[in-house]
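Q: I would like the atomic coordinates for the input below:
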Amino acid sequence: MTLISGLAFYLQKRSSGLDKFFINKSITVLFSQELLDEFIEVSRRPKLKKYFTMVDLESLLHQINLHAEFVQVTSESFACRDPKDNFLLSLAIDSNANYLLTGDKDLLELKKVGKTQILTLTQYTLGKSTAR
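A: Now for the predicted structure:
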């Protein structure tokens, strides 16, 4: 299972090669209510409105609802130097995610939380394409 952090995934999905992982169902996207709330809040920021129309956002939310696995987060992690990112570490731990995909430098610096490897989208897709 794979936890994908932030809007980077949605903005880069088509160009990153992750489409094939969705098509063959080799990844599961994990969400919590807090991650969904953050996703909606961030997508409404003025600097990101050029990437998302309201129709795009509604479509993404529909796809998340259809394909994501929602996790009830009960643990608390304090490992990240940016306290606003700790909820992602808690989600990774509680969901037993194999990977946390992110572009956030504070999270990437950790490299791992529990059994979850913290990687960029590029590291993940390169690793999966060379693992064949």
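
Q: could you use CA atoms for every contact and neighbour count after this?
A: OK.

Q: low-confidence ranges in the protein?
A: 1-24, 128-132 (pLDDT under 70).

Q: one more time with 80, if that's ok
A: 1-27, 43, 48-53, 56, 60, 63, 67, 128-132 (pLDDT under 80).

Q: and the gap between the nearest residue to residue 69 once chain neighbours are set aside and residue 53?
A: Excluding the flanking residues, the one nearest residue 69 by CA to CA, 6 or more residues apart in numbering is residue 30, at 4.9 Å. Going from residue 30 to residue 53 by CA to CA, to the nearest Å gives 24 Å.

Q: the residue nearest to residue 69 should be in a helix, yeah?
A: No. Residue 30 is assigned strand when assessed by DSSP: H, G, I helix; E, B strand; the rest coil, not a helix.

Q: longest helix in this protein, please.
A: The single longest helix within the chain, with elements called by DSSP state H, is helix 54-67.

Q: C-alpha coordinates for it, PDB please?
A: The C-alpha trace of helix 54-67 is given here as PDB (Å, rounded to 0.1, in the frame of the first residue of the first chain):
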ATOM      1  CA  MET A  54     -13.800  23.400  -9.900                       C
ATOM      2  CA  VAL A  55     -14.700  20.600 -12.300                       C
ATOM      3  CA  ASP A  56     -11.200  19.200 -12.000                       C
ATOM      4  CA  LEU A  57     -11.300  19.300  -8.200                       C
ATOM      5  CA  GLU A  58     -14.700  17.600  -8.100                       C
ATOM      6  CA  SER A  59     -13.400  14.900 -10.500                       C
ATOM      7  CA  LEU A  60     -10.400  14.300  -8.300                       C
ATOM      8  CA  LEU A  61     -12.500  14.100  -5.200                       C
ATOM      9  CA  HIS A  62     -14.700  11.500  -7.000                       C
ATOM     10  CA  GLN A  63     -11.700   9.500  -8.000                       C
ATOM     11  CA  ILE A  64     -10.300   9.600  -4.400                       C
ATOM     12  CA  ASN A  65     -13.700   8.500  -3.100                       C
ATOM     13  CA  LEU A  66     -13.800   5.600  -5.600                       C
ATOM     14  CA  HIS A  67     -10.200   4.400  -5.400                       C
END
